[in-house]
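Asks: 3D model of this:
(2 chains)
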Number of protein chains: 2
Amino acid sequence: MSYGDPVTERANECVVALLDGTVQSVDVPLLRPDDLAVLRGEGVFETTLAVDGEPRDLDDHLARLAVSAELTDVVVPEPDRWRTAVEAGLAAWSSGRSPDGPAPDEAVVRLIAPRGPEGAPEAAGYVMVSALPAVSRRQRATGVRVVLLDRGFTPSGAAAAPWLLAQAKTLSYGINMAALRWARSQGADDAVFVAGGADATHRSAGEREVLEAPTSSVVLARRTPSGERTLVTPTLDGVLDGITVRRLLAAAGAAGWATTRATVTIDDLHAADGIWLVSSARLLAPVTAIDGIARDDGDLTREIAALLDVPGGGTGPASA
Amino acid sequence: MSYGDPVTERANECVVALLDGTVQSVDVPLLRPDDLAVLRGEGVFETTLAVDGEPRDLDDHLARLAVSAELTDVVVPEPDRWRTAVEAGLAAWSSGRSPDGPAPDEAVVRLIAPRGPEGAPEAAGYVMVSALPAVSRRQRATGVRVVLLDRGFTPSGAAAAPWLLAQAKTLSYGINMAALRWARSQGADDAVFVAGGADATHRSAGEREVLEAPTSSVVLARRTPSGERTLVTPTLDGVLDGITVRRLLAAAGAAGWATTRATVTIDDLHAADGIWLVSSARLLAPVTAIDGIARDDGDLTREIAALLDVPGGGTGPASA
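Replies: Have a look, this model is predicted:
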């Protein structure tokens, strides 16, 4: 298959490593046309960030890959084989790097486990290393305007319907990508999924539960008049168990914050002192507007960025 | 990537044709590791049946491929290029066929349009031709036991949330496959999706709307005491516009049936005189049990099979 010119131009911005440590160019075809990852979006994946060649939270990502595999009945290769590929991919990435590149060097590391053709005994696997997109780096500081989009299910509905795969990170991300395109068509940068079913319930819109963003988790901060500070993230029903959220809650707890997983409603979002989309590559992006309503988290983003060890972090929302 | 032995054994049961008419073996890697079809399940597809080398309803499938592409913002190749590939694939398939094979020769024809790597100007495309699985042929006669599974959204909810892609046939079929695995784990053969939100509504379970099956549409028959016969299929809200359903409704209308698209509830299913899962490759499978409750459609399946031109059709549910 010919993919056209624009792709060829950026082929060297990406390294592919196989599980035996072999490194190859991204423009070499790798997947068979009957791989169920292609035909049906079957398979699982993980994404993390490597800073100056060091992948963040790799053990946690390998553990979550195993959970996703269990939920989708995929057999994935053993962790050590993934580590071999990550190491080889990052070594090749670093060696191809220009000394004039941005510092620190931030690379997105993807672990991809396509199910393979029908009857394959084990998912194949490979690792891709590419540059952190400039827009991701920028949004850590400038933040994102979000729109609230119906996810269809409710938290309790998703928890009762495991075939909806809400807690698995699968290669069937079509809805997530469509939600991002929809958000951009509305002049926003990102989306936040909220519980469906409003048409069939007697709840007010503000009572609907917040779930997650298409490629990140939602975290909000509340300050009480007495000065207590709490970081809140939605319960795990119907959302992916975010690794960067776990890291943030742990760091915040150690720094004196109260932290909790609780039902978060749309009303809670609007009342929050700060809201962030938290993920493994972009790390965090403050929410600067919800459905067109601007908001300001004061100087909280600087603090949250420090808790997350964001490279070049603590910049806060751009005042520009 | 090595896919293991079991795959190699069946490699010659499948033909791959590119859009320029080139035919190649299925075990030749075709997709780049950064194709968004692999990484995110982005892209669209169609499946149809070819009987003795003749694809059914190809124009309709090409039209629906264009609709799916529009809904997912994918640029797909022009219809004529697909026709070239279908023709080349079927020619190669027929030439490789043993004269001792089953007659008529039934092949599954897949049109796959992966989005391609980031920035690709157009989705790549290819066609796969493979044998109709024996289980599909068998289920036309023996039928399928189904379980009812919550789809998360309601028909009206899905219609109001186009980013949920309910009406696009995308390569993100992970949930559909998970639902089938779940059904099999419950001792059933297939699933029927019903509207979500029961936990949040005041409706009885029987009032929940029926949507579709993971890879087929749902059609039911009602006979009134006065002898009028109606074929019913759910409205298009939240379901894929089934090409084989359209063909069936048209043929049934010409044969004197009343036909309608209407809200179908779980209660309606149980009260129906016949229920079929209708799709482009298996064509039809009578539903013989719902959540463990056996049912019998008398001799209706034979009649429906004739309306659909099912090869070797009109066998009805096996009495064995």
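Asks: Which residue is the nearest non-sequential neighbour of A:Gly253?
Replies: A:Thr259 (5.0 Å; CB to CB, 6 or more residues apart in numbering or on different chains). C-beta: built from backbone N, CA, C; applies to glycine.
Asks: Report how many residues lie close to the closest residue to chain B within the stretch 1-150 of chain A.
Replies: Per CB to the nearest CB, A:Gly41 is where the stretch 1-150 of chain A lies closest to chain B, at 3.1 Å. Around A:Gly41 sit 28 other residues, with neighbours defined as other CB atoms under 10 Å in any protein chain shown.
Asks: Now do it, the pLDDT please.
Replies: pLDDT recorded at A:Gly41 is 97.
Asks: list the contacts for it?
Replies: A:Gly41 makes contact with A:Thr170, A:Leu171, A:Ser172, A:Tyr173, A:Gly174, B:Gly41, B:Thr170, B:Leu171, B:Ser172, B:Tyr173, B:Gly174, according to CB atoms under 8 Å, 6 or more residues apart in numbering or on different chains.
Asks: could you point out which element follows the helix or strand the residue nearest to A:Gly253 falls within?
Replies: Per DSSP states H and E: A:Thr259 is located in strand A:258-261. Once the chain leaves strand A:258-261, the next helix or strand it forms, by DSSP H and E, is helix A:266-271.
Asks: Now do the buried residues in that following helix.
Replies: In terms of neighbour count (16 or more other CB atoms under 10 Å in any protein chain shown), helix A:266-271 has its buried residues at A:Ile266, A:Asp268, A:Leu269.
Asks: What of stretch A:48-59?
Replies: In stretch A:48-59, counting by 16+ other CB under 10 Å, buried: A:Thr48, A:Leu49, A:Ala50, A:Pro55, A:Arg56, A:Asp57, A:Leu58.
Asks: With stretch A:172-185 instead?
Replies: Neighbour count says stretch A:172-185 has A:Ser172, A:Tyr173, A:Gly174, A:Ile175, A:Asn176, A:Met177, A:Ala178, A:Ala179, A:Leu180, A:Trp182, A:Ala183 buried, by 16+ other CB under 10 Å.
Asks: same thing with stretch A:130-140?
Replies: Buried positions in stretch A:130-140, judged by neighbour count with 16+ other CB under 10 Å: A:Ser130, A:Ala131, A:Leu132, A:Ser136, A:Arg137, A:Gln139, A:Arg140.
Asks: Now do that stretch: everything it contacts.
Replies: Contacts for stretch A:130-140 (CB under 8 Å, 6+ apart): A:13-15, A:49, A:106-108, A:110, A:189, A:281-285, A:305, A:310, A:312-313, A:315, B:34.
Asks: let's see 7 Å
Replies: If you take CB atoms under 7 Å, 6 or more residues apart in numbering or on different chains as the criterion, stretch A:130-140 is touched by A:13-14, A:49, A:106-108, A:189, A:281-285, A:305, A:310, A:315.
Asks: Please tell me how far it is from the chain's geometric centre.
Replies: 13 Å (CA atoms, centre = their mean, to the nearest Å).
Asks: Please save the CA atoms from it in CSV.
Replies: Presented in CSV, the C-alpha positions along stretch A:130-140 are these (Å, rounded to 0.1, in the frame of the first residue of the first chain):
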residue,chain,number,x,y,z
SER,A,130,8.4,9.3,18.6
ALA,A,131,8.8,12.9,19.6
LEU,A,132,6.3,14.4,22.1
PRO,A,133,4.1,16.5,19.9
ALA,A,134,4.7,20.2,20.3
VAL,A,135,1.0,20.8,21.0
SER,A,136,1.2,18.4,24.0
ARG,A,137,4.1,20.3,25.5
ARG,A,138,2.3,23.6,24.8
GLN,A,139,-1.0,22.6,26.4
ARG,A,140,0.8,21.9,29.7
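Asks: Wait, A:Arg64 touches A:Thr47, no?
Replies: No - the criterion here is CB atoms under 7 Å, and A:Arg64 misses it with A:Thr47 at 10.6 Å.
Asks: Would you map the helices across chain A?
Replies: Taking DSSP state H as the criterion, chain A carries its helices at A:5-9, A:36-40, A:58-72, A:79-95, A:134-142, A:155-159, A:174-185, A:243-254, A:266-271, A:300-307.
Asks: Single out the most deeply packed of those helices.
Replies: The highest average neighbour count among those, using mean count of other CB atoms under 10 Å in any protein chain shown, belongs to helix A:36-40 at a mean of 26.
Asks: how about the closest residue in space to A:Val147 that isn't next to it in sequence, what does it touch?
Replies: Among residues not flanking A:Val147 along the chain, A:Ala188 sits closest, at 4.6 Å (CB to CB, 6+ apart). By CB under 7 Å, 6+ apart, the residues touching A:Ala188 are A:Arg145, A:Val146, A:Val147.
Asks: got those residues as a markdown table, with neighbour count and pLDDT columns?
Replies: A markdown table is the format used below for these (neighbours: other CB atoms under 10 Å in any protein chain shown; pLDDT from 0 to 100):
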| residue | neighbour count | pLDDT |
| --- | --- | --- |
| A:Arg145 | 20 | 98 |
| A:Val146 | 24 | 98 |
| A:Val147 | 20 | 98 |
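Asks: Put together TSV for those residues, with distance to B:Ile243 on each row.
Replies: Output for the contacts of A:Ala188, formatted as TSV (distance: CB to CB, whole Å):
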residue	distance to B:Ile243
A:Arg145	40
A:Val146	37
A:Val147	33
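Asks: Which segments of chain A make up each domain?
Replies: Annotated domains of chain A cover A:5-132, A:138-307 [automatic domain parsing].
Asks: before we move on, back to that, would you list the buried entries among the contacts of stretch A:130-140?
Replies: For those, a burial check counting by 16+ other CB under 10 Å picks out A:14, A:49, A:106-108, A:189, A:281-285, A:305, A:310.
Asks: just checking, which of those residues belong to strands?
Replies: Secondary structure from DSSP state E places A:Cys14, A:Leu49, A:Glu106, A:Ala107, A:Val108, A:Leu284, A:Ala285 of these in strands.
Asks: For the residues you listed, give me CSV that also has distance to chain B and pLDDT.
Replies: Formatted as CSV, those follow (distance: CB to the nearest CB, whole Å; pLDDT from 0 to 100):
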residue, distance to chain B, pLDDT
A:Cys14, 6, 93
A:Leu49, 16, 98
A:Glu106, 18, 95
A:Ala107, 14, 96
A:Val108, 11, 97
A:Leu284, 22, 97
A:Ala285, 20, 98
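Asks: Show me the two of the residues you listed that sit farthest apart.
Replies: By the measure CB to CB, A:Cys14 and A:Leu284 form the most distant pair in these, at 24.4 Å.
Asks: now what about stretch A:92-104, what contacts it?
Replies: Around stretch A:92-104, the neighbours that count as contacts under CB under 7 Å, 6+ apart are A:Val15, A:Ala17, A:Val23, A:Val51, A:Asp52, A:Gly53, A:Asp105, A:Ala107, A:Val129, A:Pro311.
Asks: Format the CA atom coordinates belonging to that stretch as PDB.
Replies: In PDB, the C-alpha atoms belonging to stretch A:92-104 read as follows (Å, rounded to 0.1, in the frame of the first residue of the first chain):
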ATOM      1  CA  ALA A  92      18.000   4.000  18.800                       C
ATOM      2  CA  TRP A  93      15.900   7.100  19.500                       C
ATOM      3  CA  SER A  94      18.600   8.700  21.600                       C
ATOM      4  CA  SER A  95      21.400   7.900  19.100                       C
ATOM      5  CA  GLY A  96      19.500   9.600  16.300                       C
ATOM      6  CA  ARG A  97      18.900  12.700  18.200                       C
ATOM      7  CA  SER A  98      20.300  16.100  17.200                       C
ATOM      8  CA  PRO A  99      22.300  17.800  19.900                       C
ATOM      9  CA  ASP A 100      20.400  21.000  19.100                       C
ATOM     10  CA  GLY A 101      17.000  19.300  19.900                       C
ATOM     11  CA  PRO A 102      14.900  20.600  22.800                       C
ATOM     12  CA  ALA A 103      16.000  19.700  26.300                       C
ATOM     13  CA  PRO A 104      15.000  17.700  28.200                       C
END
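Asks: Thanks a lot, see you next time.
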